[in-house]
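J.: here is the input, now give the coordinates:
(2 chains)
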Amino acid sequence: MFAFVVRRLLQSVIVMLVVGLISFSLFNFVGDPINNMVGQETTTQQREQLREQLGLNDPFPVQFARFVGNAVQGNFGISYRMARPVDTVIAERLPATVELAFVSALFALLVGVTLGVYTALNRAGWTSRLVMTASLIGVSLPTFLIGILLIWIFAVQLQWLPSFGRGEVVSIGGWRTGFLTESGLRALILPAITLGLFQLTLIMRLVRAEMLEVLRTDYIKFARARGLSNRAINFGHALKNTMVPVITITGLQLGSIVAFAIITETVFQWPGVGLLFIIAIRFVDIPVMAAYLVLIALLFVVINLVVDLLYYAVDPRLRVESGSARAH
Amino acid sequence: MKIKAVMFGLLVGTALTGMAFDASAQTLRFASQSDALTLDPHGQNEGPTITILHQIYDPLVMRWHDMTLRPGLALSWDPVEPTVWEFELREGVTFHDGTPFTAEDAAFSLDRARVPPSDYRNYVSSISEVQVVDDHTLRIVTSAPNPILPQQLTNIVMLSKAWAEEHGVEAAQDYAGGEENYAVRNANGTGPYRLESREPDVRTVLLRNDDYWGDREDFPMEAERVVFTPVSSAATRVAALLSGELDLILYPPVQDLQRLEQSPDIQVKNTTENRTIFLGMNLGADDLENDTVEGANPLADKRVREAIYAAIDIDAIQRVVMRGQSVPAGSIAPTYINGYQPAFDERLSADQDRARALLAEAGYPDGFGITFHCPNDRYNNDEGICQALVGMLGQIGIEASLVAQTRSIHFQQLQNGELDFYMLGWGVPTFDSEYIFNFLYHTRDGNRGSWNFTGFSDERMDELVAGMTGETDLAARDAMIAEAWEIALDNLNYVPLHHEVLNWAMRANVDTPIRADNSPRFAATTFE
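T.: Okay, here's the model as predicted:
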């Protein structure tokens, strides 16, 4: 067990380094931050001085080594655009993204499972067909279009919900939450739907397929033959057995929800880390971009590591293959 | 069933609307593309930052909505000697913390603005000393005669010396050095609005300063509160204006203007912007990196540059690409500046036959190929303009291959001198021709000519630029400017395209005077 964990941890470190290297080398193609940082009257000499001061003239390996050296110590540098430490800025923005991701995941899970079960049980009904067709739209429409569409309907035409921003927030021990104010909750609805729609359709289709599979199995037939109620069969036995893959997928999708929040946050001007990243790209704010990419990589690595460890704990075959074939 | 659902929808709808938009008419909700980078008065010389600063702080000399000069914190200014300007300051002005504004504060602010790390230091680099004569008289000594000093002071705002000393912000924020100081998120000015709260990138709230010195006819100050939210997505900005969540937005997308104008709740204002778009050409090199001609530089031949000019049908671009939102230009001088003459905007007529003849005369009867660089997120429809230009140049045999990329890369390559044929726009914050000649026509020598990537170098031009900087006899100076324009127009190292047009969209019950510097003044906003 110990050897397995160490091996996985080492692999994770390598993944992080590779992500850092790739993202850092990409920064050579996003342009020059200098022009965004100074007024247009700035002389050529002053620009050159600033470039030297920021270390932008150093060769790539030197810049990368400096970045890794600082990052290991938890120092991600100073944002070029905001002139503040990057870790402070990200810590300020993270709650907005986490809350949005949490609500979208919850929305996707609840609605997705419900609709999945419904469409599996009423395969032939016209409502099921309608839901299935609608879900195709959910999968194929790009996120920004869904966002704009929702804004158009619910903010511009009906004027029920706000089109941008996060509403009023309350600070609890440094965590700024929008859950406790009415405007904060109202502001959550449209972005959460936009972000969760893709996952919702994914979960719905998965639940439906699994459910149909399970309903065909012998133990369900046997349960029916025993005269158990439909309710007990469908929810007590069938649904329970479809949930394992659903939970796995949902867990893995959590990372993507946070990562894909970039687009949703831009459309709704949601003040999270995704919007911070988009603005950073526009400004060529290299320290913020680097820290964000490392953060997202870390998130994926941690989720995968946890899943791997859980599998290891759950599946005895892995333990046998790892060589510790001790008899208990 | 159906009726019930509709009823329910209506009920929820009214309940939600009732709760949502109870903002009183006296709040102005304003959105632009991006946030101010800092509130330090001299930390960043950049559009959105200047817009917010000018609500909170005042300069000595104000630029009014029509871009003419007006007394700000200074009542009058006169050159008392060739190198000395005397400013008489307004009496009875107080900062937001109640302390009076005096010449000491003004001298302190100017000194703060003219040394590093102030991002405004290049505006006021001519100042060598600021002397306090008495509480309300200030003398500014310049190293050489400087006739346009008042023009250069319109963006230099005044802060309180005592406040700065108390909070350790005697020097401007070293923005480029990554430093944050107290003045970045706190403010104490003399302006019409005081800072109530600021969350960078999220929301900045301003409250009316009822003690403001300004005359209420000029500054009605009907907005009691101003909420500024940056909204980066243009579609969202427009949607929020239509839904009534915003009162005033900058940068409405050109393709939405017609629809906005048709909405009874919205009004759109526009004006010619203080910025001209043009093409730069590298005429100084012996051979170009980015063309198909070996051993020669086709752009060095004025006939080729003229052919490029004659190939452009600017009216078509104005009509189709810009949807009417541009003013064709015949020089790179924005219409507001000192030295501009209406005759400058008479363009060479578009004539493909003549263009082909000029190319043939220059030795390129079959044309040539060249890479053409454009930004795609800097100017209105920049990439669209460039695509149209590629087609027009193709018709006279110049095969331009377009490289349209983000501004950060475009300007980086431009600064590195890697571009031979490129698009650029130039605004003139001093409203004087010297600013154009200094940066775009003077020989590139590390100090002046920092945006002259054409390789153009002309001794007489350099002499004239040096002369303009120090000539106090305005008539003689204007003659120099006129001569410089003659050289510039004759040489044709830039092919002018158009002056940009800027638009502001606002709710129909809100009225704010549009300004060519794209920087609204909320004190002038009125409500119906």
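J.: what does the stretch 401-528 of chain B put close to chain A?
T.: Where the stretch 401-528 of chain B comes near chain A, counting by Cβ under 8 Å from any Cβ of the partner chain, the residues are B:406-412, B:415, B:439, B:444, B:446-447, B:450-451. From N, CA and C alone the C-beta is placed, and that goes for glycine too.
J.: quick one: buried ones out of those?
T.: B:406-412, B:415, B:439, B:444, B:450-451 (16 or more other Cβ atoms under 10 Å in any protein chain shown).
J.: need the max-distance pair from the residues of the stretch 401-528 of chain B next to chain A.
T.: Across these, the longest distance by Cβ to Cβ is 28.6 Å; it joins B:T406 and B:N447.
J.: re the thing from before, now the residues of the stretch 401-528 of chain B next to chain A as a markdown table including pLDDT and secondary structure?
T.: What follows is these, written out as a markdown table (pLDDT from 0 to 100; DSSP: H, G, I helix; E, B strand; the rest coil):
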| residue | pLDDT | secondary structure |
| --- | --- | --- |
| B:T406 | 87 | coil |
| B:R407 | 87 | helix |
| B:S408 | 85 | helix |
| B:I409 | 87 | helix |
| B:H410 | 91 | helix |
| B:F411 | 89 | helix |
| B:Q412 | 86 | helix |
| B:Q415 | 86 | helix |
| B:F439 | 93 | helix |
| B:R444 | 90 | coil |
| B:G446 | 78 | coil |
| B:N447 | 82 | coil |
| B:S450 | 89 | coil |
| B:W451 | 93 | coil |
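J.: closest one to B:D78 out of these, please.
T.: Proximity of those to B:D78 (Cβ to Cβ) peaks at B:F439, which lies at 28.7 Å.
J.: who touches the closest one in this structure?
T.: A:40-41, B:426, B:448-452 (Cβ atoms under 8 Å, 6 or more residues apart in numbering or on different chains).
J.: so B:N270: helix, strand or coil?
T.: Here B:N270 is recorded as strand under DSSP: H, G, I helix; E, B strand; the rest coil.
J.: so what's it bridging to?
T.: On the basis of DSSP bridges, B:N270 is bridged to B:N503.
J.: please parse chain A into its domains.
T.: When chain A is parsed into structural domains using automatic domain parsing, the resulting residue ranges are A:1-81+A:285-328, A:90-282.
J.: now, which of the residues of the stretch 401-528 of chain B next to chain A sits nearest B:P82?
T.: Minimum separation from B:P82 among those (Cβ to Cβ) is found for B:N447, which lies at 22.9 Å.
J.: grab the nearest non-local neighbour of that closest one.
T.: If you skip the residues right next to it in sequence, B:N447 has A:T43 as its closest partner in space, 5.3 Å away by Cβ to Cβ, 6 or more residues apart in numbering or on different chains.
J.: and if you look at B:N122?
T.: The spatially closest residue to B:N122, leaving aside those adjacent along the chain, is A:E41, at 3.8 Å (Cβ to Cβ, 6+ apart).
J.: for the one you found, give its distance to B:S76.
T.: Distance from A:E41 to B:S76, counting by Cβ to Cβ, to the nearest Å: 27 Å.
J.: next one: B:Y309
T.: With distances taken as Cβ to Cβ, B:Y309 is found 45 Å from B:S76.
J.: now A:S163: closest residue in space that isn't a chain neighbour?
T.: The shortest distance from A:S163 to any residue other than its chain neighbours is 3.6 Å, reached at A:A155 (Cβ to Cβ, 6+ apart).
J.: is the one you found in a helix, a strand, or coil?
T.: Following three-state DSSP, A:A155 is assigned to helix.
J.: so it sits against A:L161, correct?
T.: Yes. Taking contact to mean Cβ atoms under 8 Å, the distance of 5.7 Å between A:A155 and A:L161 places them in contact.
J.: what touches both of these two?
T.: In the contact map built from Cβ under 8 Å, 6+ apart, the residues linked to both A:A155 and A:L161 are A:L190.
J.: who has more neighbours, those two?
T.: Comparing A:A155 with A:L161 by other Cβ atoms under 10 Å in any protein chain shown, the one with more neighbours is A:A155, at 24 against 21.
J.: A:V5 - how many residues pack around it?
T.: By other Cβ under 10 Å, 13 other residues sit near A:V5.
J.: A helix includes it, no?
T.: Yes. Applying three-state DSSP, one finds A:V5 inside a helix.
J.: can you name the residues that contact it?
T.: For A:V5, the residues meeting the contact criterion (Cβ under 8 Å, 6+ apart) are A:L309.
J.: let me know the pLDDT of it.
T.: Per-residue pLDDT puts A:V5 at 80.
J.: so where is the chain shaky, pLDDT-wise?
T.: Picking chain A for this. Low-confidence regions of chain A, defined here as pLDDT under 70, cover residues A:1, A:314-328.
J.: try chain B instead
T.: Counting by pLDDT under 70, the ranges of chain B that qualify are B:1-25.
J.: swap the cut-off to 50 and go again
T.: B:1-24 (pLDDT under 50).
J.: for chain A, what's the nearest residue on it?
T.: Among the residues of chain B, B:S408 lies closest to chain A, at 2.8 Å counting by Cβ to the nearest Cβ.
J.: that residue contacts A:G31, correct?
T.: Yes. The pair B:S408 and A:G31 qualifies as a contact (Cβ under 8 Å) at a distance of 2.8 Å.
J.: sec struct for the residue in the stretch 1-150 of chain A that chain B sits nearest to, please.
T.: With Cβ to the nearest Cβ as the measure, A:G31 is the residue of the stretch 1-150 of chain A nearest to chain B, at 2.8 Å. Three states are possible here, and by three-state DSSP the one that applies to A:G31 is coil.
J.: so who does it touch?
T.: With contacts defined as Cβ under 8 Å, 6+ apart, the neighbours of A:G31 are A:284, B:406-412.
J.: and those residues, which is closest to A:P142?
T.: Taking Cβ to Cβ as the measure, B:T406 is the one of these closest to A:P142, at 20.7 Å.
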